[in-house]
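Colleague: quick one, fold the following:
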Amino acid sequence: MRILITGGAGFIGSHLADKYLSEGWEVRVLDSLQPRVHPEGLPKYLAGDAEFIQGDVTDLSVWNRALEGVDVVSHQAAYQDYFPDYGHFSRVNVLGTALLFESIAAHRHTVRRIVVASSQAVYGEGQYRCPEHGMLLPPNRPLHQLESKDWEVHCPRCQAPMTPVLLNETHPSPLSPYGVSKYAQEITALRLAAAVGVPCTALRYSITQGARQSLFNQYSGIARIFALKLKANKPPIAFEDGGLQRDYVHVADVVAANWLVSRDERAIGEAFNVGSGRVTTVLEYARRLAAQMGKSIEPEVPGLFRVGDARHSCSSIEKIGTLGWKPERSLDQILADFLAWVDTYTDLSRFSSDAQQQLMNLNVLRMSHAS
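Modeller: Next up is the predicted model:
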């Protein structure tokens, strides 16, 4: 059996390559080696037994070549950013996926199964319960509310504070450009898969962490930013009041979910959350990371907020649990494995810059006005 893993030189993709090679599969990796993520070219951690093709998923000729003789496609390649690159989100995440199916339809490739990586971002501001009006999918919190340090989500009908619930697959409501593109990607994949007769599954990842996360990528998230701050004996900066709720999942558990749905007939045509199902606030994350590093540095909470951020996002994993999957690794193990990866670098100074000032210049990151 041969699998094509797009984005296979990246964080999740390279771990998938290791898994399928260990199971005796032939692995072909397609990756553009985007300079922001891979400024030093092909990473050394990519398994030498994997065939490598450098190319862009928005190029149909690349798909035509990469799909030759492939049985399974693991489509992990994606574009994510906080900048308003609306067209690029759609080109990579939606057009790139459409071209996969265009190539299959035109060249009668032998693909038997496709797994598409989606995101928790498809849920937008999230899913909430109002005491009076029940279950609601609220819009983004208004800018004036955030500027006044009113962080929680209010009912759009009665303005009462609402309670977040675990995100259920049946209620996507994307709001950010990235979230919109990932939901459009899901729809494109599942509908076109049915049209060309290839079974397909979408996986909505929560915040995935572990070894091989790019330390070059300034937008790779809380693990990189907080760890580098603490390594420099500086306090990590928590947005809003630090009470934002998230769930974090180990990359090995994400790999296990991909392996499962690529072989389980019950997963065909479905989208599944892949997360921890456990709520962790940003402040708790910062403190547990500091503890793992032997630091007694408290996070700073200056009142910064990022426009478009969801207040609370924690996914239900009940649906994928019916297939027999559950996360096996705790947050402490996630942090330990990520820090072990960071410790493989002797010089962290080249990773020390962050995107905070750039985001402030674009008004994506702002300071609240309330004292």
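
Colleague: ok, the closest residue to S316 other than its chain neighbours - contacts?
Modeller: Leaving aside its sequence neighbours, S316 sits nearest to L166 (C-beta to C-beta, 6 or more residues apart in numbering; 3.8 Å). Every residue, glycine included, has its C-beta placed from N, CA and C. Going by C-beta atoms under 8 Å, 6 or more residues apart in numbering, L166 touches 127, 277, 314-316.

Colleague: could you dump the residues you listed into CSV and include neighbour count?
Modeller: Shown next, in CSV, are those (neighbours: other C-beta atoms under 10 Å):
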residue, neighbour count
Q127, 25
G277, 19
C314, 24
S315, 29
S316, 17
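
Colleague: ok, so of these, who is nearest L230?
Modeller: Checking the contacts of L166 against L230 with C-beta to C-beta, the nearest one is C314 at 24.2 Å.

Colleague: ok, now which ones touch the nearest residue to the closest one once chain neighbours are set aside?
Modeller: Computed as C-beta to C-beta, 6+ apart, the closest residue to C314 that is not its neighbour in sequence is D247, at 4.4 Å. Going by C-beta under 8 Å, 6+ apart, D247 touches 206-207, 275-280, 313-315.

Colleague: nearest to L143, of the contacts of L166?
Modeller: L143 has its nearest neighbour among the contacts of L166 in Q127, at 22.0 Å by C-beta to C-beta.

Colleague: show me what contacts the closest one?
Modeller: So Q127 contacts 135-137, 164-168, 171, 173 (C-beta under 8 Å, 6+ apart).

Colleague: quick one: it from H133, how far?
Modeller: 13 Å (C-beta to C-beta, to the nearest Å).

Colleague: kindly report the same for L192.
Modeller: Distance, L192 to H133, by C-beta to C-beta: 37 Å.

Colleague: and if you look at L289?
Modeller: Relative to H133, and taking C-beta to C-beta, L289 is found at 38 Å.

Colleague: how about V116?
Modeller: Remark: distance between V116 and H133 (C-beta to C-beta) = 34 Å.

Colleague: of these two, who's got more company?
Modeller: Between V116 and H133, counted using other C-beta atoms under 10 Å, the more crowded position is V116 (26 against 14).

Colleague: which element is the more buried one on?
Modeller: Assigned by DSSP states H and E, V116 belongs to strand 113-119.

Colleague: residues in contact with the helix or strand bottoming out on mean pLDDT in the chain?
Modeller: Ranked by mean pLDDT, DSSP states H and E, the weakest helix or strand in the chain is helix 356-361, scoring a mean of 77. Identification of contacts with helix 356-361 by C-beta under 8 Å, 6+ apart yields 82, 237, 306, 365-366.

Colleague: please state the offset of that helix from the chain centre?
Modeller: Chain-centre distance of helix 356-361: 22 Å, with C-alpha atoms, centre = their mean, to the nearest Å.

Colleague: need the three-state assignment for the spatially closest residue to P172 that is not a sequence neighbour.
Modeller: Distance criterion C-beta to C-beta, 6+ apart; nearest residue to P172, sequence neighbours excluded, is V122 at 4.4 Å. Under DSSP: H, G, I helix; E, B strand; the rest coil, V122 falls in the helix class.

Colleague: what residues are up against V122?
Modeller: 172-174, 179, 182-183, 186, 204.

Colleague: most neighbours among these, which one is it?
Modeller: The most crowded member of the contacts of V122, judged by other C-beta under 10 Å, is K182 (29 neighbours).

Colleague: quick one: that one is in a helix?
Modeller: Yes: K182: assigned to a helix according to three-state DSSP.

Colleague: now do F216, the pLDDT please.
Modeller: F216 carries a pLDDT value of 82.

Colleague: same question for the one 5 residues further on.
Modeller: The model reports G221 with a pLDDT of 83.

Colleague: what separates it from E298, distance-wise?
Modeller: 21 Å.

Colleague: comparing these two, which shows the higher neighbour count?
Modeller: A count of neighbours by other C-beta under 10 Å puts G221 above the other of G221 and E298, at 17 against 13.

Colleague: burial count for R191?
Modeller: 12.

Colleague: for E169, give its distance to V279.
Modeller: To V279, E169 is 18 Å away according to C-beta to C-beta.
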